[in-house]
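Colleague: structural data only, the sequence is not supplied:
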Ligand SMILES: O=C(O)CCC(=O)C(=O)O
C-alpha cells in the first residue's frame with residue numbers, strides 16, 4: 001500500500017501519515033453507499049452567543065456510553081457500530097496500532113459545507129489522541145498547519161486514510177474550507193479514542 005509519511009526532508013514536518021489507496025475503489029464505493037444510509041443529523045452550534053446550523057451533517061457511532069460533546073454546545077450520543085463501520089475500525093487498528101471507540105461522520109453536501117480551523121482536543125478523547133480519518137466521495141481540499149505556521153494542502157481522495165498521530169492535536173490545527181467549485185457529496189469518518197464507559 002502506498003504511504004506518504006510526512007516526516008520527509010522535502011516536506012514540512014507534519015505528524016500525519018496519508019494512505020491514498022487505503023481502500024480498493026470497489027470497497028470505497030460500497031462503503032460510501034452504506035454511509036449515505038447512516039443516521040445523519042443537522043445539529044445546531046452556539047458561537048459567540050448565537051445559535052446556527054453546523055455547516056455539514058453529522059452522526060456518531062461507537063461503544064455504549066461514549067457520548068461526545070464538542071465546542072461546549074453540540075452533544076452527540078453514539079448509535080451502536082454497524083458491521084461495516086466496526087470492520088473498517090478493525091482494519092485501521094491492524095494497520096496503525098491505534099485503538100478507537102467512536103467514529104464521527106461528517107457529510108459535506110455541497111462546497112458550502114465545511115469545518116473551520118480547529119484541533120480535536122475534547123477531553124473525552126483522553127491525552128494526545130490518535131485520530132484516523134477515512135475519506136469517501138468527492139475529493140476536497142484539507143489543510144493542516146502548525147498553530148502559528150503556514151498551511152499545507154492535501155486533496156483527500158475517495159478511499160484514502162489520513163492518520164493524525166498522538167501530539168498532532170496539541171501542535172497543529174486543521175480544516176476543510178468551503179469551495180465555490182461545484183462538488184458532490186463527500187463523507188468523512190473520523191475514528192477516535194474515548195475515555196467513557198466500557199463496552
Ligand atoms: O472532513 C475532514 O476531512 C475533517 C473532519 C474534521 O476535521 C473533524 O471531524 O474534526
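Modeller: Sure thing, it's come through. Remember, predicted model here, so these are calculated numbers, not experimental data.
Colleague: the nearest residue to residue 113 once chain neighbours are set aside and the ligand, how far apart?
Modeller: Of all residues not flanking residue 113 in the chain, residue 56 sits nearest, at 4.3 Å (CB to CB, 6 or more residues apart in numbering). No exception for glycine: its C-beta is placed from N, CA and C like everyone else's. Look at residue 56 and the ligand: by CB to the nearest ligand atom, to the nearest Å, they are 8 Å apart.
Colleague: what's the answer for residue 193, then?
Modeller: According to CB to the nearest ligand atom, residue 193 stands 14 Å off from the ligand.
Colleague: then residue 58?
Modeller: Taking CB to the nearest ligand atom, one finds residue 58 at 9 Å from the ligand.
Colleague: same check on residue 162?
Modeller: 7 Å.
Colleague: got a pLDDT number for the nearest residue to that residue once chain neighbours are set aside?
Modeller: Closest residue to residue 162 apart from its sequence neighbours, by CB to CB, 6+ apart: residue 133 at 4.6 Å. pLDDT recorded at residue 133 is 98.
Colleague: on contacts alone, who are the packing partners of the helix or strand where residue 133 lies?
Modeller: Using DSSP states H and E, the element containing residue 133 is strand 131-137. Contact partners of strand 131-137 among helices and strands, from 3 or more CB pairs under 8 Å, 6 or more residues apart in numbering; DSSP states H and E: helix 25-36, helix 83-96, strand 160-164, strand 186-192.
Colleague: ok, residue 168 - how many residues close by?
Modeller: Look at residue 168: counted by other CB atoms under 10 Å, it has 21 neighbours.
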